[in-house]
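1. Sequence first, then the predicted structure, then my questions.
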Amino acid sequence: MKVVIVGGVAGGASAAARLRRLDEQAQIILLERGEYISYANCGLPYYVGGVITEESKLTLQTPESFYRRFRIDVRTNSEAVKINPETKTVSIRSRSTGELYQETYDKLILSPGAEPVKPPLPGIDDPRVFTLRTVPDTLQIRAYIEREKPKSAVVIGGGYIGMEMAENLIHAGLKATVVEMAEHIITPLDTDMASLVQRYAREKGIGLILKNGVKALVPSESHIEVQLNQGSLTADLVLMSVGVRPESAIAQNAGIACNPKGAILVDTHMRTSDPDIYAVGDAVAITNFVTGEQGYIPLAGPANKQGRIAADHICGRDASFHGTQGTAVLKLFDMTVATTGINELQAQQANLDYDTVITYSPSHATYYPGARHMTIKTVFEKQTGKILGAQVIGYEGADKRCDVLATAIRAEMTAYDLTELELAYAPPFSSAKDPVNMIGFVIENILTGLLRQHHWHDVAKLPKDGSVTLLDVRMDQEYANGAIAGSIHIPLDQLRERLNELDASKPVYVNCKSGQRSYIACRILAQHGFTCSNLSGGYEFYHAVISEQQNETK
């Protein structure tokens, strides 16, 4: 059997290695347009920032090491320019010599990846305007910084790579500003959760310009003027990070079915519309594991799994890919931002009957030194309590909780299941009731009618005519430092003795710092004849979101 693989990063390299492990006799040819194979895309920003200091650390395999280990014919600087399905051949151009030749195949795996979106802006071809997708890209950026000593940078696009690059440009000594057309950074987050990240990013020195697009880049000898839809700013370096699109032209030209956005359509075995041609990685359309809808989520983890599945199926194994749930994590200075499943906006777009909870939990037992809180937003199905998605923002341990929730989503677990999870506990690592357990407890209370809740955006809609009571049960100093306008202050430990100060005929909307004390207050009030609702996430979350919104309107 002869297998030709187009693309030597992530999915392609994974498929090649798996093929060899399954079939020692197969002839395997791996074509890579660039100089490098099996390199760490996700590590590129950290080389720019000097966190990764050795260039060799960016490549996991070389053509020579890949051949020694797997006896795979790796051809770098070799670009597949045309697929001929009728003759089962691939036309290949050597980028070193210009030679054009053909290679036959029994099976073909396409792993061409994605290319950075470069909008047709005036000035975008200036040599001080960069994209970051490959090892040569990162080498070029770092060389420019070391040679020219730029002082300022504008990053266009506030996604994962954009924010990682902003941090690393600061590490490299530059002043960095991120320009994002959307209303918030990091699209997988909902607006409220993004508020926490934006506030932290500003504290760390990253400038943020949101809800504002770039219309032109105007180069001069000394700098580049970045003209926005509203206003302008100058920079010595510009990084375009506005997303990627599937690099699928070779598939489309061969008549292989693609969706309107250019992503290659595949079945669960990663076969394209041609049964002898497979496609994996950032070039393919995926099925969203949670909603069942077609989507496009270019991530390294799914790409590697897809490469393995394609190889398995070629070798006669019954392997299938069951969809992507978009689990991802971002390090921003000391902060961890992690997501899995769908967010609230996606739940709305899918017309799901859902709700959310905001929980605020310590990373480990608070009596053990160093505990830091994490904020978790969990999306769940109202009727069943099934977990649909989660967003975790914190520090130590935030990635761990996201991974547990990602596993729960893959296993289609409910909030009731989360309450029963037996997770590792010792004071330096967690609490006896892990943050994931706490999510289950909160949702269970809602599903069983033990707790009513309202969200930060509901507060402004509450009647101002005195027909409802806003109650703050925090301590005196907490309340003095800021409170929801119009709220009555009764500390939780005084509530039973001061119930006579409240009107039982009026619904009571309670808040504390995080939602825990106000939940206890709601249980007290409910058992004394009051109708009560708890503010999800508490005043801390409410204040963070409202403050960020006010900051953006200045």
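-> Yep, that arrived.

2. C-alpha from now on. contacts and neighbour counts both.
-> Fine.

3. per-residue pLDDT, the most centrally placed residue in the chain?
-> Central residue of the chain (CA atoms, centre = their mean): residue 328, 4.3 Å from the mean position. In this prediction, residue 328 carries a pLDDT score of 97.

4. what residues are up against it?
-> Each residue near residue 328 by CA atoms under 8 Å, 6 or more residues apart in numbering is listed here: 299, 338, 339, 340.

5. Those: which two are farthest apart?
-> Maximum pairwise distance in those, criterion CA to CA, is 13.6 Å, between 299 and 338.

6. sorry, back to before: show me just the buried residues among the contacts of residue 328.
-> 299, 338, 339, 340 (16 or more other CA atoms under 10 Å).

7. In strands, which of those appear?
-> 338, 339, 340 (DSSP state E).

8. What ranges does the stretch 1-150 of the chain have for its strands?
-> 2-6, 27-31, 73-75, 78-84, 89-94, 100-104, 107-110, 114-116, 129-131 (DSSP state E, counting those that start in this stretch).

9. most neighbours per residue, which of the ones you listed?
-> Ranked by mean neighbour count, the strands of the stretch 1-150 of the chain are led by strand 107-110 with a mean of 26 (mean count of other CA atoms under 10 Å).

10. Sheet partners, orientation included, of that strand?
-> In its sheet, strand 107-110 lies beside strand 2-6 (parallel), strand 277-279 (parallel), with partners assigned from DSSP bridges.

11. got CSV for those, with distance to residue 306 too?
-> Shown next, in CSV, are these (distance: least, CA to CA, whole Å):
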stretch, distance to residue 306
strand 2-6, 13
strand 277-279, 8
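
12. can you list these in CSV and add distance to residue 374 and mean pLDDT?
-> As requested, these are exported to CSV (distance: least, CA to CA, whole Å; pLDDT from 0 to 100):
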stretch, distance to residue 374, mean pLDDT
strand 2-6, 42, 98
strand 277-279, 38, 98
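
13. Please name whichever of those strands is nearest to residue 172.
-> Closest of the strands paired with strand 107-110 to residue 172 is strand 2-6, at 35.1 Å (criterion: CA to CA).

14. What is the distance between that closest one and the centre of its chain?
-> Distance of strand 2-6 from the chain centroid (CA atoms, centre = their mean, to the nearest Å) equals 31 Å.

15. Check stretch 392-399 too.
-> 13 Å.

16. ends of it, how far apart?
-> By CA to CA, to the nearest Å, the extent of stretch 392-399 from end to end equals 8 Å.

17. what residues does it touch?
-> 193, 196-197, 329, 334-339, 363, 372-377, 401-402, 429.

18. Repeat the analysis, applying 6 Å as the threshold.
-> Contacts to stretch 392-399, defined as CA atoms under 6 Å, 6 or more residues apart in numbering, come from residues 335, 336, 337, 338, 363, 374, 375, 376.

19. Was I right to think the fifth one contacts residue 375?
-> No - using CA atoms under 6 Å as the test, residue 363 is too far from residue 375 to be in contact (10.1 Å).

20. one step back: mark which of the contacts of stretch 392-399 are part of helices, please.
-> Using DSSP state H, no member of the contacts of stretch 392-399 falls in helices.

21. Now flag whichever of the residues you listed is closest to residue 307.
-> Distances from residue 307 to these, taken as CA to CA, are shortest for residue 338 (24.4 Å).

22. and the closest residue to the closest one other than its chain neighbours, how far is that from residue 375?
-> Distance criterion CA to CA, 6 or more residues apart in numbering; nearest residue to residue 338, sequence neighbours excluded, is residue 329 at 4.1 Å. Distance, residue 329 to residue 375, by CA to CA: 14 Å.

23. And for residue 245?
-> As judged by CA to CA, residue 245 and residue 375 stand 32 Å apart.

24. between these two, which one's more packed in?
-> Neighbour totals were compared for residue 245 and residue 375, and residue 375 leads with 23 against 17 (other CA atoms under 10 Å).

25. who's that one bridged to?
-> If you apply DSSP bridges, the partners that residue 375 bridges to are residue 360, residue 393.

26. same thing with residue 153?
-> Under the criterion used (DSSP bridges), residue 153 bridges to residue 176, residue 237.

27. Can you give me the buried ones in stretch 147-155?
-> 150, 151, 152, 153, 154, 155.

28. my bad, stretch 473-480
-> Neighbour-count burial for stretch 473-480, counted by 16+ other CA under 10 Å, picks out 473, 474, 479.

29. Can you give me the pLDDT of residue 33?
-> 94.

30. can I assume it is in contact with residue 80?
-> No - if you go by CA under 6 Å, residue 33 and residue 80 don't touch, sitting 7.5 Å apart.

31. low pLDDT regions in the chain?
-> For the chain, residues meeting the criterion pLDDT under 70 lie at 552-554.

32. Not counting its neighbours along the chain, what's nearest residue 489?
-> With sequence-adjacent residues excluded and distances taken as CA to CA, 6+ apart, residue 489 is closest to residue 472, at 4.8 Å.

33. Would you confirm that that neighbour contacts residue 508?
-> No - using CA under 6 Å, residue 472 makes no contact with residue 508, being 10.1 Å away.

34. Neighbour count: the two, which is higher?
-> residue 472 (28 against 22).

35. For that one, name its beta-bridge partners.
-> Where residue 472 sits in a bridge, its partners, by DSSP bridges, are residue 489, residue 511.

36. so how far is residue 519 from it?
-> Here the criterion is CA to CA. By it, residue 472 lies 12 Å from residue 519.

37. sorry, back to before: which stretch among the strands paired with strand 107-110 comes nearest residue 503?
-> Taking the strands paired with strand 107-110 one by one with CA to CA, strand 277-279 is closest: 65.1 Å.

38. For the helix or strand following that closest one, which helices and strands make contact with it?
-> Going down the chain from strand 277-279, the next helix or strand is strand 286-287, by DSSP states H and E. On a contact count with 3 or more CA pairs under 6 Å, 6 or more residues apart in numbering; DSSP states H and E, strand 286-287 meets strand 294-295.

39. which ones are touching residue 45?
-> Applying CA under 6 Å, 6+ apart to residue 45 gives the contacts residue 165.

40. ok, so what distance separates it from residue 368?
-> Distance of residue 45 to residue 368, computed by CA to CA: 34 Å.

41. now swap in residue 423 and tell me
-> Residue 423 is 18 Å from residue 368, by CA to CA.

42. next one: residue 382
-> Separation of residue 382 from residue 368 (CA to CA) stands at 36 Å.

43. Compare neighbour counts for the two and give me the winner.
-> Neighbours per residue (other CA under 10 Å) separate residue 382 from residue 368, with residue 382 holding more: 16 against 13.
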